[in-house]
Structure formats: structure tokens, C-alpha cells
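> Predicted model and sequence follow; I will ask about them next.
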Amino acid sequence: MVVVRVLALVAFLALVFQLFRFAMGLRGAKRARERERAAEEARGRRVVAEIPLEQGIVLFTEDERGFSWGGASLAKADVAGARLLLNGGILREFSRPPRALPPPVPPEEFEGRERWEVAVFLKDGAVARIPCGTLREGVSREAAGRVYAAVEQASAPRG
């Protein structure tokens, strides 16, 4: 009887230890994101969105010259327009006059999950795709909406 109680106690302590390690890992990841956010803000950049991707959280930042995310960047002056996409289908779009965006391609077949992204069309004809994640519960949708709104606002005519 005592052996069973000792084994139960050991199993319980092992479970509590694993939960503690998991909680500390989450706290450490949160602190690392906070440090990264503070470093970007110290450089004079505004964090527009935290994009949940497979490789982890990527910060989409904005400064007076352009946007940056995950090692990529684009200049605000080069933006000709953008589209907010869900599984390749257009939800919203804008373009700077007098340019018009190219005709849309048909959306891809639904793969069973939401895939959010923002396609930014540049003046030279190139397209920068900003992946915004595949998480449900509105996380990826909110990140994509913030990215699209920031690009649209930065491209609005001043006056």
C-alpha cells in the first residue's frame, strides 16, 4: 500500500514538474517577444502586428521609410497597391491612382484551413507577399487586417 502511494506521489510530482517547465517556457517566449518588440521600438519602428507563422512569431514593423518583417522589407514609396487575401481570394484591395492592380488570379482550392496574407504590389510590377498565418480564432485574421491597414494608410495621398 505504501509503495502505491509513493509511486502516485512520484507520478504527481513529475506531472507538476512538467507543467512548471511548460509554464516557464511560455513565460520565457513571452519575455523574448517583449524584448524584441522593445528593441524594434528603440530603433524608431512601430510594431504593427505580431504575425504567427510556423517558425514562430514574426514582428511586422513600420518606420518613416517602409515596412519590415522576418528579414524582408519594402519601401513605402514603392507601394502601388495591396490586396488582403484569404486562401487566395480577395477580401479588400486598394491601388494608388493612376495605377490599377492586375486582374486577380482565381483562388486556390480550399485546403481546410484559413490562410491569411497581404499581397503588396510595387511600382516596378513586383509583388511582395506578407504571410499572416493560418491560425483560427481570429489571430491570423487580425494580424492580416492590421498589416493591410498599415500599408493602405501609408499609401494614402497626403494633403
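Right, received. Where do you want to start?
> can you tell me which residues contact residue 68?
Residues in contact with residue 68 (C-beta atoms under 8 Å, 6 or more residues apart in numbering) are 45, 60-62. Every residue, glycine included, has its C-beta placed from N, CA and C.
> Farthest pair within those?
Greatest spacing in the contacts of residue 68, by C-beta to C-beta: 45 and 60 (9.9 Å).
> quick one, which of these two is more surrounded?
residue 60 (26 against 19; other C-beta atoms under 10 Å).
> so that one, which of the three states?
For residue 60, the assignment made with DSSP: H, G, I helix; E, B strand; the rest coil gives strand.
> what's across from residue 89 in the sheet?
Beta-bridge partners recorded for residue 89 (DSSP bridges): residue 86.
> following the longest helix seen in the chain, which helix or strand shows up next?
Across the chain, the helix with the greatest residue count (assigned by DSSP state H) is helix 2-42. Counting by DSSP states H and E, the next helix or strand C-terminal to helix 2-42 is strand 46-53.
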